[in-house]
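> how would this look folded up:
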Amino acid sequence: VDALDIVVEDFGARLKGPLSALSIRLSIDTLISGVLAGVEVNGGRVAGDARLNMDASSVRLVADGCMELAAAGIRIGDIAVHPGPTTLCAGPDGAPIIEAERADGVVTVLRMDAALQSVEATIEGIGTVPLDVTLPRIESAGTYDLQTVEWTGTGAFVGGGANFAESGFVVSGVDGSLQVDGKATGMGVAFTLDTVDIVDIHQHARVAPMMLRGQGGIANDAATFDGTLTLGGGPRVKMIARHNLTAGIGNLTATLAHWNLAASPGVTKLFPPLTGQVVDVIGDLDIAANAAWGPDQLTTSATIALAGVGFGSEPAEVAGIEGTFTLSDLVNLKTDGVQMLKIGFLDPGLPLLNGTVRFSLPGDQTVQLDEAYWPLTGGVLRIRDFSVPFDGAPTKVVAEVEGLDLAELAKHIDIDGLSAEGRLTGRIPVRFTPEGLVIDDARLRATEGGAIRYQSSIAVETLEASGQGAEILAQALEDFRFRVLEISMNG
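The predicted structure follows:
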């Protein structure tokens, strides 16, 4: 049939009726190899019991039960499928599995109506490694015209899946429908995915279960897909994929627009590793991600924009994060060099406003903080060369203070009658512990002189009542001038 070779190994038959309307009860074991309608079959086998009804206009194959099917390989373009054994049964309405229309003894049209049961298989030619899949149960009906070499067909599939072992995700519940048409040299396949469930199978799931829906097809050596990925019943990601079957190359774009981080079900529900790390997440997030692949390569990238993002955490409360940064590798989470974000508010115990953070992701599951900078009371608070692991809080950080204006600092301290002059510079080492922040031997110096003035009648009366020494201290604090001031802090 066409370029498909059919070899009957075992054959048993009971004939009944006149030759003009012959009915044959068959027991067959048949080998199949070759090409039909652009589909290459290697090591194919069909076995089972059926009835073959023949008359002048047609030959009809009606299965008694289900036919056993197997193949060493099936190839469409550069995609090779190595399926396990399965069965082919009559369609829902009991129509013949195959009906061949004849004219002058020559087969002109083939019609098929059958249900192919689910089967385990390995697919090569999609991605860089073989893919273990469960091909879905398919109910289909189609026609192949041998004179015009044209296919038409429709079907529904249910229960497919795949195990993406390298990435740690399992796909299941692949349900949808398909339509086939065109010639063997240019056959087109269109399909609709009603549901595809995607689950992270890591011991500690990185992301909530996802659902994929959309439409796709195969035509002119190109596979396409346009759909939507819904994350944990929350945000939706628009996805567009293209793959050239001949060249084995393709690309994917994924866009998440204006995700309100405060909306249900919440960030920590969608990304379980964040549970206990952050609370009260707010703001908007936009992501545009890309992937491109070939026979021996995979590249990924993304651009992420944050607007008004804020959250609470054990080390600090953060709000007003603004900016855009670029990832050059989504598999290992690596940035395209040093990135920058603005942080409107940070409170690790001392409120900091209008900061700038320069950071990078080196691809080793950490965030490398190149520099964090905040204006503080006329001076600067700066943190440099600071690494934070993805799976936990930092252990220690050193804050550098430069030119801290004592006059501005005195205004921020809620003590009536306190004022000061001068500028402080120094280092504040801070440890992060389960009990909170701990300062380890912080030292600040004012080397250019200054003054501290504490003019409070209540404080003076209290100190004077304590004795002569306290009275001298009270007088000194009214206008305490210094050439050098050193401050140390612990605890």
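
> use CA for all of it now, contacts and neighbours both
OK.

> List of residues touching the helix or strand residue 108 falls within?
If you go by DSSP states H and E, residue 108 is part of strand 106-116. Contact partners of strand 106-116, identified using CA atoms under 8 Å, 6 or more residues apart in numbering, comprise 86-92, 95-102, 137-147.

> Relative to the whole chain's centre, how far out is that strand?
Taking the mean of its C-alpha atoms, strand 106-116 sits 41 Å from the chain's own mean (CA atoms, centre = their mean, to the nearest Å).

> One more: stretch 255-269?
If you compare the mean C-alpha spot of stretch 255-269 with that of the full chain, they lie 14 Å apart, counting by CA atoms, centre = their mean.

> Residues contacting it, please?
The set of residues that contact stretch 255-269 without belonging to it, under CA under 8 Å, 6+ apart, is 208, 232-239, 274-275, 278-289.

> List only those of those flagged as buried.
Judged by neighbour count, with 16 or more other CA atoms under 10 Å as the criterion, the buried members of those are 208, 232, 234-239, 274, 278-279, 281-289.

> where does residue 466 land on pLDDT?
We note a pLDDT of 66 for residue 466 in this prediction.

> no no, residue 475
Turning to residue 475, the model gives it a pLDDT of 74.

> End to end on stretch 425-445, go ahead and measure it.
Using CA to CA, to the nearest Å, the gap from the first to the last residue of stretch 425-445 comes to 5 Å.

> Give me every residue in contact with that stretch, excluding its own residues.
The contact list for stretch 425-445 (CA under 8 Å, 6+ apart) reads 314-315, 393-404, 424, 446, 484-491.

> and that stretch, which residues are buried?
For stretch 425-445, burial by neighbour count (16+ other CA under 10 Å) applies to 425-432, 437, 439-440, 442-445.

> What is the nearest of those residues to residue 163?
Here the nearest of the buried residues of stretch 425-445 to residue 163, counting by CA to CA, is residue 432; it sits at 40.4 Å.

> now that closest one, what's its secondary structure?
Counting by DSSP: H, G, I helix; E, B strand; the rest coil, the backbone at residue 432 sits in strand.

> Look up how far residue 491 lies from it.
Counting by CA to CA - residue 432 and residue 491 are separated by 12 Å.

> rewinding a little: narrow the contacts of strand 106-116 to those that are buried.
Burial of the contacts of strand 106-116 was assessed by neighbour count (16+ other CA under 10 Å); the buried members are 86-91, 95-102, 137-146.

> In the stretch 51-200 of the chain, where is pLDDT below threshold?
Along the stretch 51-200 of the chain, the model assigns pLDDT under 70 to residues 127, 184-187.

> Now with 90, please.
Counting by pLDDT under 90, the stretch 51-200 of the chain has low-confidence residues at 51-67, 76-79, 88-98, 102-108, 112, 124-131, 135, 144-151, 164-168, 180-189.

> just the strands in it please.
58-63, 66-70, 73-76, 79-83, 86-90, 98-103, 106-116, 119-124, 131-135, 137-145, 150-164, 169-183, 188-200 (DSSP state E, counting those that start in this stretch).

> In its sheet, which strands sit next to the first one, and in what direction?
When you say that, I think you mean strand 58-63. Each strand that strand 58-63 pairs with, and the sense of that pairing, follows from DSSP bridges: strand 39-55 (antiparallel), strand 98-103 (antiparallel).

> before we move on, what about the last one?
Strand 188-200 sits in its sheet next to strand 169-183 (antiparallel), strand 210-219 (antiparallel), going by DSSP bridges.

> Between those strands, which one is closest to residue 81.
With CA to CA, the closest approach to residue 81 among those belongs to strand 210-219: 15.9 Å.

> Quick check on residue 410: phi, psi?
Torsion angles at residue 410 (phi, psi; degrees, to the nearest 10) stand at phi -60, psi -30.

> what's around it, how many residues?
When neighbours are counted by other CA atoms under 10 Å, residue 410 registers 19.

> Excluding chain neighbours, give the residue nearest to it in space.
Counting by CA to CA, 6 or more residues apart in numbering, residue 419 is the residue found nearest to residue 410 once chain neighbours are left out, at 5.4 Å.

> now swap in residue 316 and tell me
With CA to CA, 6+ apart, the residue lying closest to residue 316 is residue 348, at 4.2 Å.

> show me the contacts for residue 124.
Residues in contact with residue 124, defined by CA under 8 Å, 6+ apart, are 79-81, 130-131.

> Reformat those residues as a markdown table; add neighbour count and distance to residue 3.
Shown next, in a markdown table, are the contacts of residue 124 (neighbours: other CA atoms under 10 Å; distance: CA to CA, whole Å):
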| residue | neighbour count | distance to residue 3 |
| --- | --- | --- |
| 79 | 14 | 19 |
| 80 | 18 | 19 |
| 81 | 22 | 19 |
| 130 | 14 | 28 |
| 131 | 19 | 29 |
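
> Just the helices from the stretch 301-450 of the chain, written as ranges.
If DSSP state H, counting those that start in this stretch is used as the criterion, the helices of the stretch 301-450 of the chain fall at 406-412.

> so where do the strands sit in it?
So, for the stretch 301-450 of the chain - with DSSP E, counting those that start in this stretch - the strands run 317-329, 334-335, 339-347, 352-360, 366-376, 379-389, 396-405, 418-421, 423-433, 436-439, 442-446, 450-454.

> Let's have those strands in TSV, adding mean pLDDT and distance to residue 16.
Conversion of those to TSV gives the following (pLDDT from 0 to 100; distance: least, CA to CA, whole Å):
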stretch	mean pLDDT	distance to residue 16
strand 317-329	96	69
strand 334-335	95	73
strand 339-347	95	81
strand 352-360	95	80
strand 366-376	92	77
strand 379-389	90	78
strand 396-405	91	90
strand 418-421	91	115
strand 423-433	90	89
strand 436-439	82	91
strand 442-446	94	103
strand 450-454	91	117
